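Asks: starting from these lines, generate the structure:
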Amino acid sequence: MSRKQIPVVVLAGFLGSGKTTLLNHLLRRRAGNRIAVVVNDFGAIEIDAMTVAGQVGSTVSLGNGCLCCAVDASELDGYLERLTRPAARIDLIVIEASGLAEPQELVRMILAGDNPHTVYGGLVEVVDAAEFDATRRRHPEIDRHLAIADLVVLNKTDRVAEADHARILDVLGTLGPGTPVVSASYGRIDPQLLFDPAVRPAEEEKARQLSFEDLRFEDPHGGGDHTGDDGIHDAGHEGHLHTAYESVSFTATAPMRPRRLMAFLDSRPPGLYRIKGYVDFGTGDPDHRYAVHAVGRFLRFHPEPWARGTERVTQLVLIGSGIDGDALLKELAACQETGAEAAGAPVEQRDMWGVLRYVPDPSGAENPSGAGSEDPAPESGR
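Replies: Okay, here's the model as predicted:
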């Protein structure tokens, strides 16, 4: 008896658009379906992999680097082969692409692969409604990503006015005529959208979207390109988003002082576009670690209980363009608690106010921890 083919869905979107939030929503509401996840993080500390850890049993983390830069499809095939073994009983595989990945390259690799047990399930592009205009100005290549998407999730719509929401929908309709667009907040979409064949491209539609023209990179410098063995033109990495960005990873075993860290976050340079990770505030809140997400000007903290046996460390990944990594690491190191401070009085609760004001309201469903304020900042991970 022949084995079923498992759909492989590429989940893409620019930094901070809410891909991991959407993925976790799917994992929590999978209605008995078994979802395998491939996490492609940009940074030496696999924050996104840590975020989905524990939600699903079959997770492959690719670590530092961009999956779209794999030499050939055989590397991805190795991961997919592990996830398509009958014993895993997987119904869907989701590749959560780095926010700086080139989605058409990921799609090309899936189609060029020789795994008989998988089938391309579509490209889902997540869009940050609050940052939509700024992202397009900064990275016009995003338009190309949207043009080949099979489903667009317009996320964080609760953070834009109705008129802007309608305008963005019109723009998306122009960029991808006929592509379904789902508006959402906190990445909350119906999981059946990824299981329902109706939203997957028909065979003839795949051919249109994945033609040589759609997958071709235009090299502005006129060099460094080649045609691969599969006949698809590849302009190398020069046109990829991640070539303009760099990441800095920070780990600290000493707790972070709340006021110092907030001063650092409030004064972060414009080129520092994305911050994600977990923070240990020591005696400021000994029962919780704080997930931090910063996208552009938006900042969010989310407290969660320390898991038993978990090492209490701070782990952050900073992603930006033209940033001084050494200077940022030095500033973060200065936010740590010194030995003398650790031996003195515990951090007062009022010192945590700068952090807590960026925690969602405790009355919201997204904040089960109970921490919050009357004036929370908009969330960046929605």
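
Asks: quick one: the strands in the stretch 251-382 of the chain?
Replies: Here the stretch 251-382 of the chain has its strands, by DSSP state E, counting those that start in this stretch, at 272-279, 288-295, 298-305, 314-320.

Asks: adding mean neighbour count, write those strands out as a markdown table.
Replies: The C-beta positions use only the backbone N, C-alpha and C, and glycine is treated the same way. Putting these into a markdown table (neighbours: other Cβ atoms under 10 Å) gives the following:
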| stretch | mean neighbour count |
| --- | --- |
| strand 272-279 | 23 |
| strand 288-295 | 23 |
| strand 298-305 | 20 |
| strand 314-320 | 23 |
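
Asks: could I get those as TSV with mean pLDDT and distance to Leu15?
Replies: Below are the strands of the stretch 251-382 of the chain laid out as TSV (pLDDT from 0 to 100; distance: least, Cβ to Cβ, whole Å):
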stretch	mean pLDDT	distance to Leu15
strand 272-279	86	4
strand 288-295	88	7
strand 298-305	88	12
strand 314-320	88	6
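
Asks: among these, which comes closest to Gly176?
Replies: strand 288-295 (23.0 Å; Cβ to Cβ).

Asks: parallel or antiparallel, list what pairs with that closest one.
Replies: Strand 288-295 pairs in its sheet with strand 272-279 (antiparallel), strand 298-305 (antiparallel), by DSSP bridges.

Asks: and that strand with strand 314-320, angle?
Replies: 0 degrees (axes from the mean of the first three to the mean of the last three Cα atoms, to 10 degrees).

Asks: hmm, who's touching strand 288-295?
Replies: 15-16, 51, 128, 131, 265, 268, 273-281, 299-306, 310, 312, 316, 355, 369, 371, 379-381 (Cβ atoms under 8 Å, 6 or more residues apart in numbering).

Asks: go with 6 Å
Replies: 16, 274-280, 300-303, 305-306, 380-381 (Cβ atoms under 6 Å, 6 or more residues apart in numbering).

Asks: surely Ser125 touches Ala149?
Replies: You called it Ser, but residue 125 is Glu. Yes - look at Glu125 against Ala149 with Cβ atoms under 6 Å: they come within range, at 3.9 Å.

Asks: how about the helices in the chain?
Replies: 19-28, 47-52, 73-83, 103-112, 132-138, 142-147, 162-175, 192-195, 203-209, 212-215, 258-266, 325-333, 339-343, 353-356 (DSSP state H).

Asks: now tabulate the ones you listed in TSV and tack on mean neighbour count.
Replies: What follows is the helices of the chain, written out as TSV (neighbours: other Cβ under 10 Å):
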stretch	mean neighbour count
helix 19-28	21
helix 47-52	21
helix 73-83	17
helix 103-112	22
helix 132-138	16
helix 142-147	19
helix 162-175	14
helix 192-195	18
helix 203-209	12
helix 212-215	13
helix 258-266	18
helix 325-333	14
helix 339-343	10
helix 353-356	18
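
Asks: out of the strands paired with strand 288-295, which is closest to Leu332?
Replies: Across the strands paired with strand 288-295 (criterion: Cβ to Cβ), the nearest stretch is strand 272-279, sitting at 10.1 Å.

Asks: from the chain's centroid, how far away is the closest one?
Replies: 12 Å (Cα atoms, centre = their mean, to the nearest Å).

Asks: dump the strands paired with strand 288-295 to TSV, plus distance to Val347.
Replies: Below are the strands paired with strand 288-295 laid out as TSV (distance: least, Cβ to Cβ, whole Å):
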stretch	distance to Val347
strand 272-279	13
strand 298-305	15
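
Asks: closest one to Arg108 among these?
Replies: strand 272-279 (25.7 Å).

Asks: about what we covered before: mind putting the strands of the stretch 251-382 of the chain into TSV with distance to Leu106?
Replies: Converted to TSV, the strands of the stretch 251-382 of the chain look like this (distance: least, Cβ to Cβ, whole Å):
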stretch	distance to Leu106
strand 272-279	20
strand 288-295	22
strand 298-305	27
strand 314-320	19
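
Asks: who wins for proximity to Arg28 among those strands?
Replies: Short answer: strand 298-305, nearest of the strands of the stretch 251-382 of the chain by Cβ to Cβ, at 14.4 Å.

Asks: would you put the C-alpha positions of that closest one in PDB?
Replies: Provided in PDB are the C-alpha atoms of strand 298-305 (Å, rounded to 0.1, in the frame of the first residue of the first chain):
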ATOM      1  CA  PHE A 298       7.400  48.200  19.400                       C
ATOM      2  CA  LEU A 299       8.300  46.300  22.600                       C
ATOM      3  CA  ARG A 300       6.700  43.500  24.500                       C
ATOM      4  CA  PHE A 301       7.600  41.400  27.500                       C
ATOM      5  CA  HIS A 302       5.800  38.200  28.500                       C
ATOM      6  CA  PRO A 303       6.500  36.500  31.800                       C
ATOM      7  CA  GLU A 304       6.400  32.700  32.000                       C
ATOM      8  CA  PRO A 305       7.200  30.400  35.000                       C
END
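
Asks: low-confidence regions, the stretch 1-150 of the chain specifically.
Replies: The stretch 1-150 of the chain contains residues with pLDDT under 70 at 1-3, 41-75.

Asks: now the stretch 201-350 of the chain
Replies: Ranges of the stretch 201-350 of the chain meeting pLDDT under 70: 201-245, 296.
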